[in-house]
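Q: heads up, no residue letters with this:
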């Protein structure tokens, strides 16, 4: 079983495979986005479809463009404006030449040459190559010279890259959402707070805090000088689950309630108590975690793999982060009714604030 997994790992580690995946992602991501945009437009009412189509197109176009730019960089008229955050693996031709000098079998030499020429081996060919090299040159691990093991010498730099890679599409999605509101002649300023709030929730909960968890685990592994890749992988994944999956939503909503909401809502303080504990109450009143939020944490496993040196994961990260970016662009919120009812019950019982509540109620209906 372990041998089989190693072979699959070698197959995925091929620079030619990563390059093919890298080239496939733009069309695949665009096709999936277009299908979703059309579906979401179709399920809306006939009266809303035109505006919904424009908004979806705007948000998805900016989301995809920013995600791909973050990955690949931006070049205009031959001038590099922005360097891509994902670096493709490269062949170690001097190591391959060393293997070719040792190999005499024509079939084996042909497989090694295919790798050298940038061709992608089939899974069965990778298996045959690894098996034959081990049989003929026991203990020399020559397969590692032909297809290097996954490795990463600067994991903390990769964590910074991942955090930025996740932030850029979220900003792109919000930008697309603003443009969509303007094109459909809606009050974009009124809808901006929800986009910022959802963007901060998505980024903190599904991206940044997960990277923090992985980083804390890395610090711990380095402190105790743990070298095992398997142990480091499990430790990082545990950190991601602990900080991101378990506590991420609460932390994101805490920051949103106490630091982001006051920027947009001048009346935020009127439904708080004056004690410190009020900062922790009703954290989910505007945005509570749901099944899709939990499923989005699949990108955390991918991120840990990327930090561990699995370069084939890099090209697919924009696909995973695009869901968060889209939700930010449309300003997705799922707790408004609960928030309104809670706010109404709290303020209506306070004669001092009753007039303020009535103003709030009237403004929320416009």
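A: In hand now; what should we look at? Everything quoted here is computed from the prediction, not taken from an experiment.
Q: Could you list the buried residues of stretch 294-303?
A: 296-297, 299-303 (16 or more other C-beta atoms under 10 Å). From N, CA and C alone the C-beta is placed, and that goes for glycine too.
Q: Pull out the buried residues from stretch 73-84.
A: Neighbour-count burial for stretch 73-84 flags residue 84 (criterion: 16+ other C-beta under 10 Å).
Q: So which residues make contact with that stretch?
A: Contact with stretch 73-84 is made by 69-72, as judged by C-beta atoms under 8 Å, 6 or more residues apart in numbering.
Q: Relative to residue 255, how far out is residue 285?
A: Going from residue 285 to residue 255 by C-beta to C-beta, to the nearest Å gives 14 Å.
Q: and what of residue 203?
A: In terms of C-beta to C-beta, residue 203 sits 10 Å off from residue 255.
Q: More neighbours: which of these two?
A: When residue 203 and residue 255 are compared for neighbours, residue 203 comes out ahead with 22 against 17, by other C-beta atoms under 10 Å.
Q: Quick check: that one touching residue 167?
A: Yes: between residue 203 and residue 167 there is a contact under C-beta atoms under 8 Å: 6.0 Å.
Q: Centroid-nearest residue for the chain?
A: residue 321 (3.2 Å; C-alpha atoms, centre = their mean).
Q: That one contacts residue 169, doesn't it?
A: Yes: contact criterion C-beta under 8 Å: residue 321 and residue 169 qualify, at 5.0 Å.
Q: Which neighbours do those two have in common?
A: Shared contacts of residue 321 and residue 169, counting by C-beta under 8 Å, 6+ apart, come down to residue 67.
Q: number of nearby residues for residue 91?
A: Other residues close to residue 91 by other C-beta under 10 Å number 17.
Q: go on, the one 4 residues further on?
A: For residue 95, the tally of surrounding residues (other C-beta under 10 Å) stands at 15.
Q: gap between it and residue 138?
A: 18 Å.
Q: go on, residue 224?
A: Residue 224 is 34 Å from residue 138, by C-beta to C-beta.
Q: cool, residue 110 as well?
A: Distance, residue 110 to residue 138, using C-beta to C-beta: 22 Å.
Q: higher neighbour count, these two?
A: residue 110 (12 against 8).
Q: Packing partners of the helix or strand containing the more buried one?
A: Assigned by DSSP states H and E, residue 110 belongs to helix 106-116. In terms of contacts (3 or more C-beta pairs under 8 Å, 6 or more residues apart in numbering; DSSP states H and E), helix 106-116 is packed against helix 93-102, helix 123-136.
Q: just checking, which of those sits deepest inside the structure?
A: helix 123-136 (a mean of 17; mean count of other C-beta atoms under 10 Å).
Q: Average pLDDT for that one, rounded please.
A: Average pLDDT, helix 123-136: 91.
Q: what sits up against it?
A: For helix 123-136, the external contacting residues (C-beta under 8 Å, 6+ apart) are 6-8, 10-11, 14, 99, 103, 105, 108, 111-112, 114, 121, 140-143, 146-147.
Q: One more: stretch 239-252?
A: 200-201, 204-206, 209-218, 283-284, 288-289, 293-294, 297, 300-301, 303-304.
Q: if we go to 6 Å?
A: 201, 204-205, 209-210, 212-214, 216-217, 283, 289, 297, 300 (C-beta atoms under 6 Å, 6 or more residues apart in numbering).
Q: Can you list which of the residues you listed are found in helices?
A: Mapping these onto helices (DSSP state H) picks out 201, 209-210, 212-214, 216-217, 300.
Q: most surrounded residue in those residues?
A: residue 210 (32 neighbours).
Q: From residue 244, how far out is that one?
A: Distance, residue 210 to residue 244, using C-beta to C-beta: 3 Å.
Q: now swap in residue 113 and tell me
A: Taking C-beta to C-beta as the measure, residue 113 falls 44 Å from residue 244.
Q: for residue 214, same thing?
A: 8 Å.
Q: likewise residue 286?
A: Residue 286 is 20 Å from residue 244, by C-beta to C-beta.
Q: now swap in residue 195 and tell me
A: Distance from residue 195 to residue 244, by C-beta to C-beta: 22 Å.
Q: how distant is the one helix or strand residue 230 maps to from the center of its chain?
A: Using DSSP H and E, the element containing residue 230 is helix 229-239. With C-alpha atoms, centre = their mean, to the nearest Å as the basis, helix 229-239 stands 19 Å off its chain's centre.
Q: what's the straight distance from one end of stretch 283-293 to the other?
A: Length of stretch 283-293, first residue to last, C-alpha to C-alpha, to the nearest Å: 16 Å.
Q: Buried residues, that stretch. List them.
A: For stretch 283-293, by 16+ other C-beta under 10 Å, it's 283, 285-287, 289, 293.
Q: Kindly report the same for stretch 185-204.
A: Under the neighbour-count criterion of 16+ other C-beta under 10 Å, stretch 185-204 has 188, 192-204 buried.
Q: Save these as a markdown table, and put in pLDDT too.
A: What follows is the buried residues of stretch 185-204, written out as a markdown table (pLDDT from 0 to 100):
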| residue | pLDDT |
| --- | --- |
| 188 | 94 |
| 192 | 94 |
| 193 | 91 |
| 194 | 92 |
| 195 | 95 |
| 196 | 94 |
| 197 | 92 |
| 198 | 93 |
| 199 | 94 |
| 200 | 93 |
| 201 | 92 |
| 202 | 92 |
| 203 | 93 |
| 204 | 90 |
